[in-house]
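**Q** Got a sequence here, can you build the structure:
(4 chains)
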4 protein chains.
Amino acid sequence: MLQSPSGPIVETWVRVRFAETDAMGVVYHTNYIIWFEVGRGAYWRALCADVSGASADAGSFPVAAVEAHYHAPARYGDLVTIRTWVQEMRSRSVTFAYECRLASAGQRLAVGRTTHLFLDAQGHARRLPEGIRLALLGRQRA
Amino acid sequence: MLQSPSGPIVETWVRVRFAETDAMGVVYHTNYIIWFEVGRGAYWRALCADVSGASADAGSFPVAAVEAHYHAPARYGDLVTIRTWVQEMRSRSVTFAYECRLASAGQRLAVGRTTHLFLDAQGHARRLPEGIRLALLGRQRA
Amino acid sequence: MLQSPSGPIVETWVRVRFAETDAMGVVYHTNYIIWFEVGRGAYWRALCADVSGASADAGSFPVAAVEAHYHAPARYGDLVTIRTWVQEMRSRSVTFAYECRLASAGQRLAVGRTTHLFLDAQGHARRLPEGIRLALLGRQRA
Amino acid sequence: MLQSPSGPIVETWVRVRFAETDAMGVVYHTNYIIWFEVGRGAYWRALCADVSGASADAGSFPVAAVEAHYHAPARYGDLVTIRTWVQEMRSRSVTFAYECRLASAGQRLAVGRTTHLFLDAQGHARRLPEGIRLALLGRQRA
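**A** Numbers count the residues shown, from 1 in each chain, chains lettered A, B, ... in the order given. So this is what the prediction gives:
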């Protein structure tokens, strides 16, 4: 499912919270997708200079679709590495891809992707501004 | 901790979600406090006629303090009864009290309370409008 | 993405909690996937007679993959209808499909599916027991 | 509410996730209590040498009561400092206290405390083992 990225890859880390586990003793499945959001935020902060970029991620780039595949479970206290990159850039949408691994042993936990539309202030789909597009591709600082 | 309520008591129900459990096999403790919010929303809907009342609960009545005491754990699939009432009404704040029980056996799971300030649109503490005050006490429909 | 189901469809409802909203003023995207779990639990309770069926859903049927597509946002206080059915039954896995709509206007909010492996007590993939398979297809009570 | 601690204070940090915000544009109130858990986990890891200590926190030290007071809201992307210490040690329970501040400006966001019972493997209240008691007080490594 994951294509080899040609652009930047940003890494960040989360430590599993007890609140994120479930009665199977492992991390509840939607929490990996929240970690994807953590990875996406780190990607924005790394490649887009200003805070408005980060809030734009929230504000004008709603999630249109999400997909996750689970390989192995994480447990309370585990340190997890999240790698994030841009998988596909289209005129009106961007797809991020993610990979979560155990930081210690490197075991793959989950992979996934999210597709985001670009919406203007009125909520209409629009073209991604060129500055943000280049910044997301790692070709210039926003 | 819970005083005998003299005003209305509103009941509602939640069924425990797997997402709400943790690795101890029981409901994670902050989820009872989210159920308090569910109970508070039911209270607003029951006693304050319009949707704006419900959104006012969210918007202009932020939580200033919360307290919860845990008696017995709920488990996945349990049906839980939440009882909500007004414990104390002051000029600029209101304290709701809550009790969660197993719907089947009646076993007490958790009790708690939340205190909310009344804020105006500028975010300043203000007196609770008389209409809402009376509605919350069950003396008239808002 | 959703195929027309030929087996049973089970409906259940959730009212949007304030805890489920985010700073965009709408429901945070992973919460729809938790509602899928709510729908799946309702499906098990409707078609599989005993509590062990429900806990088996949690225990021995871990989520291997999840997919969601978002059409319109839900807001605090909205009543949401969740429809759940079996989209595909294979020897060692089952895929559930879900649709969330506003209960009032019927507007489609999100659709998705989850694929679950059948694991034995040792955590190995196994064939789904015939009784559970037939129950999930609505052909006999488990 | 917070007494001046005489023992160790452990600091850790969280960055606010979009999933943790609500429709008021700020962090939903129960998430501060999850951050308390993050702080408590950091405390255990800092003062109790082994992983079993951390899991004991989850397993045999269930939360009996929680209290939180909210001073100012955190927002998406904020870096938050969590300080954790032991407020009171009794024979069969321990109370942790917490303080959350904005890492940048130092503004106080929330304070609180959680009281935990010590339970044995059969779920009965028991005395805290001396080794763990001393470790939590910072007087020896567990």
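**Q** Which elements pack onto whichever helix in chain A runs longest?
**A** Secondary structure of chain A per DSSP state H: the longest helix is helix A:30-47. If contacts are counted by 3 or more Cβ pairs under 8 Å, 6 or more residues apart in numbering or on different chains; DSSP states H and E, helix A:30-47 sits against strand A:10-15, helix A:51-59, strand A:63-70, strand A:79-89, strand A:93-102, strand A:108-117, helix A:130-136, helix C:30-47. For every residue, glycine as well, the C-beta is placed using N, CA and C.
**Q** Return the most buried member of these.
**A** Highest mean neighbour count of the helices and strands packed on helix A:30-47: helix C:30-47, a mean of 23 (counted as mean count of other Cβ atoms under 10 Å in any protein chain shown).
**Q** mean confidence for that one?
**A** Per-residue pLDDT over helix C:30-47 has a mean of 96.
**Q** Now do it and strand A:63-70, the angle between them.
**A** Between helix C:30-47 and strand A:63-70, the angle comes out at 60 degrees (axes from the mean of the first three to the mean of the last three Cα atoms, to 10 degrees).
**Q** what's the spacing between the residue nearest the centre of chain A and chain B?
**A** Centroid-nearest residue in chain A: A:R40, 3.3 Å away (criterion: Cα atoms, centre = their mean). Using Cβ to the nearest Cβ, to the nearest Å, one obtains 21 Å as the distance from A:R40 to chain B.
**Q** Please name the residues that touch that residue.
**A** Listed by Cβ atoms under 8 Å, 6 or more residues apart in numbering or on different chains, the contact set of A:R40 reads A:D57, A:T84, A:F96, A:Y98, A:T114.
**Q** picking that back up, mean pLDDT for the helices and strands packed on helix A:30-47: which is lowest?
**A** helix A:51-59 (a mean of 46).
**Q** Just the element for whatever residue is furthest in space from the centre of chain A, please.
**A** What lies farthest from the middle of chain A is A:A23; by Cα atoms, centre = their mean that is 26.2 Å. Assigned by DSSP states H and E, A:A23 falls within no helix or strand.
**Q** Now it: phi and psi?
**A** phi -70, psi -10 (degrees, to the nearest 10).
**Q** surely it meets B:D22?
**A** Yes. Between A:A23 and B:D22 a contact is recorded at 7.1 Å, counting by Cβ atoms under 8 Å.
**Q** picking up where we left off before, excluding chain neighbours, give the residue nearest to the residue farthest from the centre of chain A in space.
**A** B:T21 (3.8 Å; Cβ to Cβ, 6 or more residues apart in numbering or on different chains).
**Q** which residues does that neighbour contact?
**A** Contacts of B:T21 by Cβ under 8 Å, 6+ apart are A:D22, A:A23, B:V27, B:Y28, B:R75, B:Y76.
**Q** List just the nearest of those residues to D:R139.
**A** Distances from D:R139 to these, taken as Cβ to Cβ, are shortest for B:Y28 (30.9 Å).
**Q** could you list every residue that touches that closest one?
**A** Applying Cβ under 8 Å, 6+ apart, the residues near B:Y28 are A:F18, A:A19, B:E20, B:T21, B:D22.
**Q** among the residues you listed, who's most crowded?
**A** Among these, B:E20 has the most neighbours (other Cβ atoms under 10 Å in any protein chain shown), with 26 neighbours.
**Q** Find the residue closest to that one in space, skipping its chain neighbours.
**A** B:N31 (4.4 Å).
**Q** what do you get for A:Y70?
**A** That would be A:A110: by Cβ to Cβ, 6+ apart, it lies 5.1 Å from A:Y70.
**Q** was I right about that neighbour contacting A:P73?
**A** No. Look at A:A110 against A:P73 with Cβ under 8 Å: they stay out of range, at 9.2 Å.
**Q** on that earlier part again, can you tell me how far the residue nearest to the centre of chain A sits from D:P73?
**A** A:R40 sits 23 Å away from D:P73, taking Cβ to Cβ, to the nearest Å as the criterion.
**Q** list the contacts for A:G25?
**A** A:R75, B:A23.
**Q** cutoff 10 Å now
**A** Residues in contact with A:G25 (Cβ atoms under 10 Å, 6 or more residues apart in numbering or on different chains) are A:P73, A:R75, A:Y76, B:D22, B:A23, B:M24, B:G25.
**Q** cool, A:G138 as well?
**A** A:S6, A:G7, A:P8, A:I9, A:V10, A:Y43, A:A46, A:L47, A:W85, A:V86.
**Q** where's the first one relative to chain B, distance?
**A** Just to be clear, that refers to A:S6. From A:S6 to chain B the distance is 36 Å (Cβ to the nearest Cβ).
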